[in-house]
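Undergrad: Need coordinates for the below:
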Amino acid sequence: NSILAEQTKNALPGRAAVIKPSHPMPVFQLIYRSRANRYFTDDDLIELLKQCRSNNAEQNITGLLLYGHGSFIQLLEGDEAAVRDLYHHRISQDARHRELAVLHRTFAPKRLFKDWSMAFRPMDAARIRSVSGYTDPAQPAQKNRDLLAPLRLLELMQGFAADMRKR
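TA: Got it, this is the predicted structure:
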């Protein structure tokens with residue numbers, strides 16, 4: 001690879017070459033849902049967002065948190081190891097919610113929420129119902145699970161990202 005050879009040749013003696021990819025690295029995205037253990041007031045949500053934003057900024061993780069009718073849906077995006085670590089060691093251990101389920105994992109060419117360590121949107125009942133078969137832990141599992149549900153959920157989040165960029 002001529003780019004790698006050139007960057008290695010230009011490295012200072014005793015220092016590793018800085019290898020810059022010729023194309024942007026994909027970003028890992030994880031979407032999960034959970035049910036709150038109690039009703040979240042506005043003050044509770046503000047405190048949760050402060051914690052999320054602080055923790056996420058340290059790890060270069062961005063995303064969106066949706067809350068409505070006692071349910072959370074969150075998209076996390078960033079380095080795969082950092083996102084998985086955050087989900088498995090912090091989020092899944094948090095006593096403020098239960099019934100966690102990962103809904104979607106993928107690599108994307110770019111971040112949806114690059115400007116927000118944690119964007120927030122309240123979610124209304126109609127939006128929740130539009131993906132409820134996939135996101136509502138109280139609903140019984142369906143034999144023929146809707147295979148398009150993850151795409152609708154991602155589309156919903158992309159719509160929120162587009163709305164927020166307009167502001």
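Undergrad: Distance of residue 53 relative to residue 104?
TA: Distance of residue 53 to residue 104, computed by C-beta to C-beta, to the nearest Å: 22 Å. For glycine as for every other residue, the C-beta is placed from the backbone atoms N, C-alpha and C.
Undergrad: Next: residue 59.
TA: Taking C-beta to C-beta as the measure, residue 59 and residue 104 are separated by 20 Å.
Undergrad: shouldn't residue 90 be in contact with residue 56?
TA: No - in this structure residue 90 lies outside contact range of residue 56 using C-beta atoms under 8 Å: 10.2 Å.
Undergrad: What is the longest strand anywhere in the chain packed up against?
TA: In the chain, ranked by residue count with DSSP state E as the criterion, the top strand is strand 97-108. For strand 97-108, the contact count by 3 or more C-beta pairs under 8 Å, 6 or more residues apart in numbering; DSSP states H and E identifies strand 27-36, strand 71-78, helix 149-166 as packing neighbours.
Undergrad: what do you get if the cut-off is 6 Å, keeping everything else the same?
TA: Here strand 97-108 touches strand 27-36, going by 3 or more C-beta pairs under 6 Å, 6 or more residues apart in numbering; DSSP states H and E.
Undergrad: which residues touch the strand it packs on?
TA: Strand 27-36 is touched from outside by 70-77, 80, 83, 87, 97-108, 111, 135, 137, with contacts defined as C-beta atoms under 6 Å, 6 or more residues apart in numbering.
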